[in-house]
Each structure stands twice: as structure tokens, then as C-alpha cells.
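**Q** Sequence unavailable; structure follows:
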């Protein structure tokens, strides 16, 4: 049996050789293993030949649900729906069918809601070794003043602001 350290070294060497010889493949660590990817600059050529109905893109709803699961896991369907503001059952079904999320447990308490988390396939598709490599969510959240200004028109009137005669 070959020690894991030797395997890792051999794979890293193979990745360097592929790069040096100008191969169309790139070897990277992803999802707890190693995966061959096509060089990014060759994507336009592959898209012409590899575009199939099964390679369709995720809908906006599915992408939003996936982002919620990725950053808040473990998370229930109800929590995903609450964060998105719309029912997310169909989006979660799509993500599950594509193998991007898995059931990771059940919430304690009444009903024991199913809890979702991202799968190894999710990490592989994004080319990540772990969830720690996800970009920080704070980079995509507006400052509190902006959120306040956006939410203000949707809040009910404050009864204490009524003028008393």
C-alpha cells in the first residue's frame, strides 16, 4: 500500500507536468480528492461540442437556495424559504436531484425537519477543497444604512410616530 503522502506528492507532480507541457487538463484538489478539469481558456471550444440538455444551468431560485444552504448549513427547507422570502421546496428538490445538496440530519423538536447541507459534488463542481474556501459572505452584503433604507418602505407604520392632538 502506498502512503497517502506519496500519493499526494505524485498527484501534485502530475499537475505540474500537465501545466508545463501545455495540456488541456488541469489537476486540482477538490471535494476531498483530486479532479481533472479542462483549462479555463479552452471553455469556449468545449461549449460548442458539450452543450446538452442535461448540462442546463441552474435557475435563479435554485442558485439562491444553494447559496443559503452553502452559507447557513445545516438548514431546513423552512429556513431556506424564510431567508429567500418564497417557497423553496422545488429549488431544493432540483439541487438534491443534481447531487449538490444532501440530507445531513433532522432538527430537534416537533416535526424533526430535514436539514440540508452541501455535498462533495458541490465542492467538486466549484473546484473547492472545503467550505472554508467559499468567498466571505460579508463581501456581498450591503452596509446597514443601505439595508435600512431599502427596508423602510416595507415596514408597518410605527404607532408611536402618530401625532397626538
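**A** Looks like it arrived, so ask away. The structure displayed is predicted, hence computed values, not measured ones. Residues are numbered from 1 along each chain as shown.

**Q** which non-adjacent residue is nearest residue 35?
**A** Nearest non-adjacent residue to residue 35, counting by C-beta to C-beta, 6 or more residues apart in numbering: residue 124, 5.7 Å away. Quick note: C-beta positions are derived from backbone N, CA and C, even for glycine.

**Q** Need the pLDDT of that neighbour.
**A** In this model, residue 124 is scored at 87, pLDDT.

**Q** show me the contacts for it.
**A** By C-beta atoms under 8 Å, 6 or more residues apart in numbering, the contact list for residue 124 reads 30, 31, 33, 35.

**Q** and it, what element?
**A** helix 120-126 (DSSP states H and E).

**Q** Now do the buried residues in that helix.
**A** By 16 or more other C-beta atoms under 10 Å, the buried positions in helix 120-126 come out as 122, 123, 124, 125.

**Q** Take those residues and write them to TSV, including distance to residue 59.
**A** Below are the buried residues of helix 120-126 laid out as TSV (distance: C-beta to C-beta, whole Å):
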residue	distance to residue 59
122	16
123	21
124	21
125	16
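
**Q** returning to that earlier point: immediately after the helix holding residue 124, which helix or strand?
**A** Helix 120-126 is succeeded, C-terminally, by helix 144-151 (DSSP H and E).

**Q** so how far is residue 27 from the residue nearest to residue 35?
**A** 13 Å (C-beta to C-beta, to the nearest Å).

**Q** Are there residues contacting both of those two? Which ones?
**A** residue 35.

**Q** just to revisit the earlier point, with pLDDT and distance to residue 11 added, can I get the contacts of residue 124 in TSV?
**A** Listed next are those as TSV, based on pLDDT from 0 to 100; distance: C-beta to C-beta, whole Å:
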residue	pLDDT	distance to residue 11
30	83	12
31	78	14
33	84	9
35	87	10
